[in-house]
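Student: Following is a predicted model, sequence given first.
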Amino acid sequence: MMFILGLLLGSIATLAVSGIMLEMRQRNRDMNNRYKYQHRIPQIRSLRMTGLSVREISKRTGIPKSTVHNYLND
């Protein structure tokens with residue numbers, strides 16, 4: 001019985017560590033993507049000052065609309 005309990009606890013611990021590792025990878029991926037176009041913020045702001053819409057800036061630069069919007073609101 002103790003053997004089975006130990007095996008079960010070991011399996012639970014392995015699953016917990018696997019879940020934590022997956023979560024860490026996802027957060028890292030999200031952070032990398034968040035700043036993917038950061039070097040183009042001046043261009044985005046410049047285009048906005050010329051009167052272009054978020055949609056038009058997105059089309060011209062190839063940057064997702066949501067990202068353009070976020071950078072303009074930061």
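Tutor: Received, thanks.
Student: Look up how far Leu22 lies from the nearest residue to Leu72 once chain neighbours are set aside.
Tutor: The spatially closest residue to Leu72, leaving aside those adjacent along the chain, is Arg48, at 5.8 Å (Cβ to Cβ, 6 or more residues apart in numbering). Bear in mind the C-beta positions are built from the backbone N, C-alpha and C, glycine included. From Arg48 over to Leu22 the distance is 37 Å, taken as Cβ to Cβ, to the nearest Å.
Student: Who has more neighbours out of these two?
Tutor: Taking Arg48 and Leu22 together and counting by other Cβ atoms under 10 Å, Arg48 has the greater number of neighbours (16 against 10).
Student: If you count neighbours, what's buried in stretch 59-74?
Tutor: Neighbour counts using 16 or more other Cβ atoms under 10 Å place 61, 63, 67-68, 71 of stretch 59-74 among the buried residues.
Student: Could you dump these into JSON lines and include pLDDT?
Tutor: As requested, the buried residues of stretch 59-74 are exported to JSON lines (pLDDT from 0 to 100):
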{"residue": "Thr61", "pLDDT": "95"}
{"residue": "Ile63", "pLDDT": "93"}
{"residue": "Thr67", "pLDDT": "91"}
{"residue": "Val68", "pLDDT": "93"}
{"residue": "Tyr71", "pLDDT": "91"}
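Student: ok, so of those, who is nearest Asn28?
Tutor: Sorting the buried residues of stretch 59-74 by distance to Asn28 puts Thr67 at the head of the list, at 18.1 Å, by Cβ to Cβ.
Student: tell me the contacts of that closest one?
Tutor: With contacts defined as Cβ atoms under 8 Å, 6 or more residues apart in numbering, the neighbours of Thr67 are 36-37.
Student: Report the separation between it and Arg45.
Tutor: Plainly put, Thr67 is 13 Å away from Arg45 if you go by Cβ to Cβ.
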